[in-house]
Structure formats: C-alpha cells, structure tokens
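S.K.: Fold the following.
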Amino acid sequence: MRAGIQTAVSLLYPPRCLGCGAMVDSDFGLCGPCWRDTPFIAGVVCESCGVPLPGLADGHRLECDDCMARSRPWQAGRAALIYRDKGRALVLALKHGDRQEIARPAGLWLAAAARPLLRRDTLIAPVPLHWTRLLKRRYNQAALLSKSLAAATGHDHCPDLLIRHRRTALQERKSTEARFQELAGTIAPHPRRAERLNGRPVLLVDDVMTSGATLTACAEACLAGGASDVSVVTLARVQKA
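M.R.: Model (predicted):
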C-alpha cells in the first residue's frame, strides 16, 4: 500500500532538480548540468577552512593565506562547496529562499567533507541565530544543516548548544577586522546544555564561511565551556579571486 501511495505521489509531484527545477530520477537531487555547475571541493585543501589549494599534498599541514595570517581557535575545518555559481545559489536559496529541502542532500555533502574531522564521541552543533532573526526567518539554516549532517553520520546533535545573546549588524559589507570586533563575546554555551560540552570534541556547522569571525566566536565559546577541541564544517567557503 505504501509503495502505491509513493507511486501516486511521484506521478503528481515528480522529482525536480534542486538547482533548476528540471525533472530528475529521485527526490533531493541535481540534474546533470546543475551537478557539473556546482563547485564541489575535492583534492588538496586548507586544513583549517577547507578551501581548495593548488599543488599536491606533501604530508605536512597545509593552510591558505587567510588561515596562516590569522590563527584559528578550531583544530581543523572543511567545506563542501566553493561559494560561487551554483554553490552560491544553493546557499542563498536555503538561507533566504525558504528552500529547506536543500538541507537534506547538503547533509550528505557535509558528511563527505567532514569525514576526516569526525570521531566517535563528536558532538555536532550549529552556529546559532539571535532569537530576533530566528523569529523573522522562522528557521536557522545552520541548524537544518547540522541536523541533516548528524542524521547522515549517526553522531550526537545538539541544535541549541550555543546561544547568541546579542544581535549583531549584518556582516556582508564589513571589513574582516570589523567582523571580528563585532562578533567578539556575542556567543556563549546555552546554560541548560553546557554539561554536554565537558571534555567532548565539537563539530560546528554553518552555511558559509567568509572571514571566519562567526565560527571563531562559536569555537571560543565551546572551548571556554569545556570542549576538548573544536572543528568546523561549512556548506560553502568563500574563495578569494
């Protein structure tokens, strides 16, 4: 009976590409052209943020110029996509277009990217939104991604591990230094979740990394709250031209 219902639903609502809306073989997928236009990250990457790097791995820790210039409070980082072309479109559709269904396949992409960072006792948690922005947007896109990642990997998930206790201005047009100054001290462990941090590795999840200011504030909060170490994974990473 269930198979019959699913067949009827698929006839009424055939699977569509998440990128362009063309028909595809299965739900939550990308068509061939959109897959080719989506800049998945592979190969040699910065160990701190996941941005692609030229050359070959040489057995030493490799970092991009940004991560060498500014020490990161987290241990390692990865990203699934470069924030451009179809990658940027998917992030913006999830973040501002109410396309929450994108989080499901994105969780699988994040799982592939985060595989080197995960340990058996890793706790997965999202970057938090201030409650006023959450009220306006109705959902936290980072929490959707972290939930999907946890489901794909079987790891513990705490969607409200951190709280943002002060609303900050939008960061898009600010300099790197201004971003770090604005976000310093704005994030803390949730008082009722703090015990989950004690002695555990934490994997922070966000939709996109630009300067790393938000992830820095979150990682510092986790470490101050007792986490053994912190890693980060984002759906997309901004890559400088």
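S.K.: pLDDT-wise, which helix or strand of this structure ranks last?
M.R.: helix 2-12 (a mean of 42; mean pLDDT, DSSP states H and E).
S.K.: What number of residues are in the vicinity of Leu144?
M.R.: Neighbouring residues of Leu144 were enumerated by other CB atoms under 10 Å; the total is 23. Where C-beta positions appear, they are placed from N, C-alpha and C, glycine not excepted.
S.K.: show me where this protein has helices.
M.R.: Applying DSSP state H to the chain gives helices spanning 2-12, 32-37, 65-69, 85-96, 103-114, 131-137, 141-153, 176-183, 213-224.
S.K.: Pull the residues that contact the longest one.
M.R.: It stands for helix 141-153. 94-95, 100, 103-104, 106-108, 110-111, 114, 118, 124-129, 155-157, 159, 205-207, 233, 235 (CB atoms under 8 Å, 6 or more residues apart in numbering).
S.K.: Report the contact partners of Asp37.
M.R.: So Asp37 contacts Gly19, Asp85, Lys86 (CB under 8 Å, 6+ apart).
S.K.: Give me the neighbour count for the second one.
M.R.: Think Asp85. 13.
S.K.: next one: the first one
M.R.: Gly19 is flanked by 20 other residues according to other CB under 10 Å.
S.K.: Equivalent analysis for the last one, please.
M.R.: A count of neighbours around Lys86, defined by other CB under 10 Å, yields 21.
S.K.: what pLDDT, on average, does stretch 41-61 get?
M.R.: For stretch 41-61, the mean pLDDT works out to 90.
S.K.: Great, nothing more from me.
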